[in-house]
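> When you get a sec, could you give me coordinates for this:
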Amino acid sequence: MAAPTPSFITSTPDILGGTPVFRGTRVPVQTLIEYLEGGQTIDDFLEGFPTVTREQVIAFLEEAKARMAAIAS
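Next up, the predicted model:
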């Protein structure tokens with residue numbers, strides 16, 4: 001069974017075809033990952049996507065960290 005979607009992320013067919021986005025925006029979560037993989041900072045991401053809050057980004061990263069720890073244990 002898949003884990004429930006955190007409240008700061010939404011995925012609905014009418015927004016970008018169901019791509020997971022930060023709630024209240026049309027910004028895909030994958031975009032944050034790509035920014036970080038490219039060596040850019042959270043501040044760079046937030047500057048480029050002002051509809052996403054720092055709290056949403058931190059919550060996403062904390063959730064990702066918790067899920068990785070659960071997988072590793």
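> Tell me which other helices or strands the helix or strand harbouring Ala70 touches.
Taking DSSP states H and E as the criterion, Ala70 maps to helix 54-72. If you count contacts as 3 or more Cβ pairs under 8 Å, 6 or more residues apart in numbering; DSSP states H and E, helix 54-72 packs onto helix 29-37, helix 42-48. Every C-beta, even on glycine, is put in place using the N, C-alpha and C of the backbone.
> Distance from the chain centre to the last one, please.
Read it as helix 42-48. 13 Å (Cα atoms, centre = their mean, to the nearest Å).
> Mean pLDDT per element in the chain, and the minimum belongs to which helix or strand?
In the chain, no helix or strand scores lower on mean pLDDT, DSSP states H and E than strand 9-10, which sits at a mean of 90.
> What pairs with that strand, parallel or antiparallel?
Paired strands of strand 9-10, with direction, are strand 21-22 (antiparallel) (DSSP bridges).
> And stretch 10-17, end to end?
12 Å (Cα to Cα, to the nearest Å).
> Check what contacts that stretch and list those residues.
Applying Cβ atoms under 8 Å, 6 or more residues apart in numbering, the contact partners of stretch 10-17 are Thr5, Gly18, Thr19, Pro20, Val21, Phe22, Arg23, Arg26, Pro28.
> try 6 Å
Gly18, Pro20, Val21, Arg23 (Cβ atoms under 6 Å, 6 or more residues apart in numbering).
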